[in-house]
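>>> quick one: sequence and predicted model below, then my questions.
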Amino acid sequence: MTAPASLTALKGIIFDLDGVLVDTAQFHFRAWKRLAGELGIPFTAHDNEALKGVSRRDSLEHILALGKVSLTEEEKNGRMAQKNAWYLELVNELTPDDMLPGAKSLLDELRTCGVRIGLGSSSRNAELILQKLNISGYFDGVVDGNKISKSKPDPEVFTLCALHYLHTQPSDTIVVEDARSGVEAARAGGFFCVGIGHLPQADMVIASLEQINATLLDQALQAYRSV
Ligand code: BG6
Ligand code: MG
């Protein structure tokens, strides 16, 4: 067995969940598209990009604004419950095999190296998904939509996770995100941000978690902090 990499800069890492560790971003899209269809609002994959990382309520408000539709508070609550029920039908089928490529081995390596691992998600379903994937035990801290008062792009989810649960500082902690709102949140909090997909605002952009490992992340953070 090879010895774990010895890291100098990286003390903590915070993963977003949907679209980073598991492909539930497409489940959110399918459920919102179905809801938008019922309201007669055209809703495309391009429109959906703006919803990634955004809370359930803010997502509904965004779709209603797209269609210039207004609903009462009671109707909004009903629509959110309906969307979540459709979303959970899809989530209930998840198994550990549904983790995105490279996610499980990266978690294993980071844990072996002693990096503190956090989850920073806007979702209120995060704990359920971690259980479905059987990865709850990897996390030193889980901050989800139930624990925050301000959704991404506010940095609250990441700063709370690092300072309160991981006991790390933004300067020695990396955030991994797949959403524009999440990259903005990470950068606003002073974190080095790895973006997955087309996210030019991120400090490092990758196509998949398979492209990174603990040593690469540590070196990237060192280089960024020494500038
Ligand atoms: C984020 C997703 O992780 O969680 C968003 O990127 C979603 O698309 C948000 O709206 C809230 O999720 P939930 O599960 O609480 O409806
Ligand atoms: Mg995401």
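It's in. Ligands and ions are numbered 1, 2, ... in the order given.
>>> only C-alpha atoms for contact and neighbour calcs from this point on.
OK.
>>> list the contacts of residue 192.
Applying C-alpha atoms under 8 Å, 6 or more residues apart in numbering, one finds that residue 192 lies in contact with 170-171, 173-175, 186, 203, 221, 224.
>>> turn those into TSV, including neighbour count, pLDDT and secondary structure.
TSV is the format used below for these (neighbours: other C-alpha atoms under 10 Å; pLDDT from 0 to 100; DSSP: H, G, I helix; E, B strand; the rest coil):
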residue	neighbour count	pLDDT	secondary structure
170	21	98	helix
171	18	97	helix
173	26	98	strand
174	27	98	strand
175	26	98	strand
186	30	98	helix
203	16	98	coil
221	23	98	helix
224	12	96	helix
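>>> tabulate the residues you listed (a markdown table), appending distance to residue 107.
Below are the contacts of residue 192 laid out as a markdown table (distance: C-alpha to C-alpha, whole Å):
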| residue | distance to residue 107 |
| --- | --- |
| 170 | 19 |
| 171 | 20 |
| 173 | 15 |
| 174 | 13 |
| 175 | 13 |
| 186 | 20 |
| 203 | 21 |
| 221 | 18 |
| 224 | 22 |
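>>> which single one of those is nearest to residue 37?
Set against residue 37, the nearest of the contacts of residue 192 by C-alpha to C-alpha is residue 186 (32.8 Å).
>>> residues contacting the closest one?
Neighbours of residue 186 in contact, by C-alpha under 8 Å, 6+ apart: 153, 155, 158, 175, 192-193.
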